[in-house]
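[1] When you get a sec, could you give me coordinates for this:
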Amino acid sequence: MPQRIEDYALIGDEQTAALVGRDGSVDWLCLPRFDSGACFAKLLGDKDNGHWRIAPKHAKGPCTRRAYRRDTLVLDTEWETDEGAIRVTDLMPQRDRAPDVVRIVEGLSGRVTVRSTLRLRFDYGSVVPWVRESDGHRVAVAGPDSAWLRSEPEVRTWGRNFGTHSEFTVEKGEKVAFVLTWHPSHEPRPPLVDPYEALRTSVRDWRKWVGHCRYDGPYRDEVVRSLITLKALTYRPTGGIVAAPTTSLPEEIGGVRNWDYRHCWLRDSTLTLNVGLSAGYREEAEAWRDWLLRAVAGDPADLQIMYGLAGERRLPEFEVPWLSGFAGSTPVRVGNQAVNQLQLDVYGEVMDTLALAREAGLSTKPHIWAIQAALVDWLRTAWRQPDEGLWEVRGGRRHFVHSKVMVWVAADRAVRSLEKNPKLDGDLDGWRELRDEVHREVCEKGYDAERNTFTQSYGSSELDAALLLIPRVGFLPPDDPRVTGTIDAIRAELSHQGFLRRYSTDGTAVDGLPGGEGTFLACSFWLAEALHMTGRTQEARELFDRLVGLTNDVGLLAEEYDPVAGHQLGNFPQAFSHIGLVNTALALFGGDGAG
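    Modelled structure (predicted):
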């Protein structure tokens, strides 16, 4: 049976990540970075596109149980068979130089025959490497890529059908370790890691990091798991956070809504910074702020909605035709064409993030305010343009209400910064005028008085879950009848079995794509927070509890959820969903346990 998206767990080293299935197979891994070509791409194809499975030879199905070790990213997967029981421990230790995948097999009872099958396929499963033996290791080389497989001396490996195989037995207490190490093929082999020491160090370091978490309220385990996941999605050398470690996991099984999320979106910025500061991770918050400053530096007209891990601007989109797609969902895409879109909301998100950073007392830099002032000045005329909006529609530009609201946020944060810091230079009167003009226009052209709701865009009757953020950003107070009316309208029109869609895809063609998608988890978290802000806290907590119940067996969330089929959809695990979980928990229960 093919695995579902929620059948996977995540391991990573804060520079890349792998997905491990319930059958013990690593089916996705890009080396050396999140956005590099995959050497295991079975997730989006088949076994010949690369994977590494370790499991009992006579296992009749997926594992018996699995779990992360408490407060870590170390995964334990256990099987009980007729022969006995084993545990496979998977991790990627933080690298000094080269990325390593460590897999340790331990006998728990009986005498179990275990099989390892490794098929390396570089460049998204298209390149079969040349494999040779050297110093007892298996070495795979193809073009710029090289990988070394190391195991215990007594474990024999052999090649067959373009794969590397081994078979061995373990009894209770016995352990067998494998280490797969990547490095550029023109460089010498990097130093070897001790797999058992790497395990001890990883457990220690993760638990030390989790110890800084200030949240101790309800759902703490789920909050901590989300924080660990966000840490794992951070590219440590630069501080950038990828939206997800995967590409092209479908928003509709068999559909074409398959995108590459291995990049860093500005839309996540304020929410991400809030998570870091509120949960006690000031260092990570500052690293993200600094990444943001480097990425957006330059002409305000050139501001992009997303960037590469180090702030790269060119993310060309192309299709990978040799991959059949997850559950037949094609095309498989690499890169993201939306990088070229105009999304005015990002200006508000950047301004809000930098204002929050200043208020939180993060270290100041002399050029930060100059960047902010330039962004707001550019918006004076640019804000009147239509754009592609938060959801990156491919059906043409519109005057999206959420985009205009975030323009108001940009002007508002500039005004407030000047009012609090009179030594800063800026056109206070002009920015106030901009703020007031945007506010008037949104309330006039983006509000449907008959239905008592804001709409997706000027002149449209459609709704948009992004409008739930209106009270959060302060555009209107939570008790304004237009806010409560919008919340009620969105619940009525965009709800699907208790969860929210982003917007309607039923023939509106706003996004220019065929087919539909699942309910969007971040939007459902926004609804819970909006309900709480408008005094309906019990409803909010009930919704939050249902959302937490959608996490898989190891606490991970994808981008979307199909409430009919009961399966997760979209790229996985998704930063936006886990940011939503933490922020909503802080809003609902912060007073019960946030330090």
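
[2] CA only for contacts and neighbour counts going forward, please
    Will do.

[3] so how far is Gly311 from the residue nearest to Leu303 when sequence neighbours are not counted?
    Excluding the flanking residues, the one nearest Leu303 by C-alpha to C-alpha, 6 or more residues apart in numbering is Val296, at 5.9 Å. For Val296, the distance to Gly311 (C-alpha to C-alpha, to the nearest Å) stands at 8 Å.

[4] So for those two, which residue has more residues nearby?
    Val296 (22 against 19; other C-alpha atoms under 10 Å).

[5] isn't that one right up against Ile305?
    No - between Val296 and Ile305 there is no contact under C-alpha atoms under 8 Å: 9.5 Å.

[6] In stretch 357-369, which residues are buried?
    Residues of stretch 357-369 classed as buried: Ala357, Leu362, Trp369 (neighbour count, 16 or more other C-alpha atoms under 10 Å).

[7] list the contacts for Asp345?
    Arg267, Gly389, Leu390, His402, Ser403, Lys404, Val405, Met406, Val407 (C-alpha atoms under 8 Å, 6 or more residues apart in numbering).

[8] quick check, nearest of the residues you listed to Ile487?
    His402 (14.1 Å; C-alpha to C-alpha).

[9] just to revisit the earlier point, tabulate the buried residues of stretch 357-369 (JSON lines), appending pLDDT.
    Formatted as JSON lines, those follow (pLDDT from 0 to 100):
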{"residue": "Ala357", "pLDDT": "92"}
{"residue": "Leu362", "pLDDT": "92"}
{"residue": "Trp369", "pLDDT": "94"}
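
[10] Helices - which of these land there?
    Assignment to helices by DSSP state H places the following of those there: Ala357, Trp369.

[11] so can I have JSON lines of the buried residues of stretch 357-369 showing distance to Ala18?
    Shown next, in JSON lines, are these (distance: C-alpha to C-alpha, whole Å):
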{"residue": "Ala357", "distance to Ala18": "32"}
{"residue": "Leu362", "distance to Ala18": "33"}
{"residue": "Trp369", "distance to Ala18": "39"}
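
[12] In space, what's closest to Val409 - neighbours in sequence excluded?
    Gly348 (5.1 Å).

[13] Got the confidence number for the one you found?
    If you check Gly348, the pLDDT there is 96.

[14] Quick check on the contacts of Asp345: which are buried?
    In the contacts of Asp345, burial by neighbour count holds for Arg267, Gly389, Leu390, His402, Ser403, Lys404, Val405, Met406, Val407, counting by 16+ other C-alpha under 10 Å.

[15] now, which of the residues you listed lie within helices?
    His402, Ser403, Lys404, Val405, Met406, Val407.

[16] mind putting those residues in TSV, pLDDT and distance to Ala575 included?
    What follows is those, written out as TSV (pLDDT from 0 to 100; distance: C-alpha to C-alpha, whole Å):
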residue	pLDDT	distance to Ala575
His402	98	21
Ser403	98	21
Lys404	98	25
Val405	98	23
Met406	97	21
Val407	98	24
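
[17] can I assume Ala55 sits in a strand?
    Yes - counting by DSSP: H, G, I helix; E, B strand; the rest coil, Ala55 falls inside a strand.

[18] That one and Arg204: what is the separation?
    Distance, Ala55 to Arg204, using C-alpha to C-alpha: 27 Å.

[19] out of those two, which sits in the busier spot?
    Ala55 (26 against 13).

[20] How far off centre is whatever helix or strand the residue nearest to Val409 lives in?
    Assigned by DSSP states H and E, Gly348 belongs to helix 345-359. Centroid separation for helix 345-359 versus its chain: 20 Å, with C-alpha atoms, centre = their mean, to the nearest Å.

[21] CA atoms of it as PDB?
    What follows is helix 345-359, C-alpha atoms only, in PDB (Å, rounded to 0.1, in the frame of the first residue of the first chain):
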ATOM      1  CA  ASP A 345       1.000  42.500   1.800                       C
ATOM      2  CA  VAL A 346       4.700  41.600   2.200                       C
ATOM      3  CA  TYR A 347       5.500  45.200   2.800                       C
ATOM      4  CA  GLY A 348       3.200  45.300   5.800                       C
ATOM      5  CA  GLU A 349       4.600  42.000   7.000                       C
ATOM      6  CA  VAL A 350       8.200  43.300   6.900                       C
ATOM      7  CA  MET A 351       7.300  46.500   8.600                       C
ATOM      8  CA  ASP A 352       5.300  44.700  11.300                       C
ATOM      9  CA  THR A 353       8.200  42.300  11.900                       C
ATOM     10  CA  LEU A 354      10.800  45.000  12.300                       C
ATOM     11  CA  ALA A 355       8.500  47.100  14.500                       C
ATOM     12  CA  LEU A 356       8.000  44.000  16.700                       C
ATOM     13  CA  ALA A 357      11.700  43.400  16.800                       C
ATOM     14  CA  ARG A 358      12.300  47.000  17.900                       C
ATOM     15  CA  GLU A 359       9.700  46.900  20.600                       C
END
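
[22] Gln512 against Arg394, yeah?
    Just to correct that, residue 512 is Gly rather than Gln. Yes - contact status for Gly512 versus Arg394: in contact at 5.0 Å, counting by C-alpha under 8 Å.

[23] between those two, which one's more packed in?
    Ranked by neighbour count (other C-alpha under 10 Å), Gly512 and Arg394 place Arg394 first, with 16 against 13.

[24] Report the secondary structure element holding that one.
    Going by DSSP H and E, Arg394 is not in any helix or strand.

[25] Next secondary structure after the helix or strand hosting Phe544?
    Secondary-structure assignment from DSSP H and E places Phe544 in helix 537-548. Per DSSP H and E, the first helix or strand lying C-terminal to helix 537-548 is strand 560-562.

[26] Centre of the chain to that following strand, how far?
    The chain centroid and the centroid of strand 560-562 are separated by 15 Å under C-alpha atoms, centre = their mean.

[27] any chance you could map the helices in the chain?
    Under DSSP H, the chain gives helices at 122-125, 195-210, 220-232, 269-279, 282-296, 345-359, 368-382, 401-420, 428-445, 470-473, 481-494, 521-533, 537-548, 575-593.

[28] between the ones you listed, which one is nearest to Arg111?
    It's helix 195-210; of the helices of the chain, that one is closest to Arg111 (C-alpha to C-alpha) at 21.8 Å.

[29] what sits up against the closest one?
    Contacts of helix 195-210 (C-alpha under 8 Å, 6+ apart): 69-74, 91, 93-94, 102-104, 177-179, 224, 228.

[30] before we move on, what about stretch 243-260?
    By C-alpha under 8 Å, 6+ apart, the list of residues contacting stretch 243-260 reads 16-18, 28, 34-35, 44, 233, 261-265, 325-336, 513-518, 560, 569-576.

[31] before we move on, the earlier item: wait, which of the ones in helices among the buried ones among the contacts of Asp345 is closest to Trp130?
    For those, the nearest to Trp130 is Ser403 (51.2 Å; C-alpha to C-alpha).

[32] Against Trp408, how distant is Val193?
    Taking C-alpha to C-alpha, one finds Val193 at 52 Å from Trp408.

[33] before we move on, the earlier item: helices or strands up against the helix holding Phe544?
    Secondary-structure packing of helix 537-548 (3 or more C-alpha pairs under 8 Å, 6 or more residues apart in numbering; DSSP states H and E): helix 521-533, helix 575-593.
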